[in-house]
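Colleague: Structural data only, the sequence is not supplied:
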């Protein structure tokens, strides 16, 4: 059997709020609770198990590879909900997306401050793309 990534635990202050935020933005469904976890499963079968905890939550980064149509829909939901977006993880290009590898990418935060990213091309898939390093303004974005 080949090695596949199956699931991860996402620490949150409110598993319902965080799981439903991610599911809503990505056009997915939050599953039924499984014990202390509330799962969100991606198309390739990876499950993010949201867990409510008290205390400090270390910030994590979660990136999702999506189609062009899924990117458009997710970006529209982010703008509609007033979620700030940026073209890079350091916040140097607020209200913009990146065009790295000839695709599109955007970063945003979940309710617990986890860094979320959606991309339409895997990193390094087109290192000679003339669009690497290019950003574009997102109309109406914060």
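Modeller: Looks like it came in fine. A quick note: this is a predicted structure, and the numbers were derived from the prediction, not measured.

Colleague: From the structure, what's the count of residues near residue 2?
Modeller: Using other C-beta atoms under 10 Å, the number of residues around residue 2 comes to 3. Just so you know, the C-beta spots here come from the backbone N, C-alpha and C atoms, and that holds for glycine as well.

Colleague: Equivalent analysis for residue 74, please.
Modeller: 20.

Colleague: Nearest residue to residue 92 in space, ignoring adjacent ones along the chain?
Modeller: residue 86 (7.5 Å; C-beta to C-beta, 6 or more residues apart in numbering).

Colleague: Need phi/psi at that neighbour.
Modeller: When read as degrees, to the nearest 10, the backbone of residue 86 gives phi -150, psi 160.

Colleague: which residues does it contact?
Modeller: By C-beta atoms under 8 Å, 6 or more residues apart in numbering, residue 86 lies in contact with 92-96, 106-108.

Colleague: What is the nearest of those to residue 31?
Modeller: residue 108 (22.4 Å; C-beta to C-beta).

Colleague: how much space between that closest one and residue 66?
Modeller: Per C-beta to C-beta, to the nearest Å, residue 108 is found 13 Å from residue 66.

Colleague: Show the contacting residues for residue 15.
Modeller: 37-38, 50-52.

Colleague: Pull the contacting residues for the nearest residue to residue 37 once chain neighbours are set aside.
Modeller: Leaving aside its chain neighbours, residue 37 sits nearest to residue 49 (3.9 Å; criterion: C-beta to C-beta, 6+ apart). By C-beta under 8 Å, 6+ apart, the contact list for residue 49 reads 7-10, 34, 37-39.
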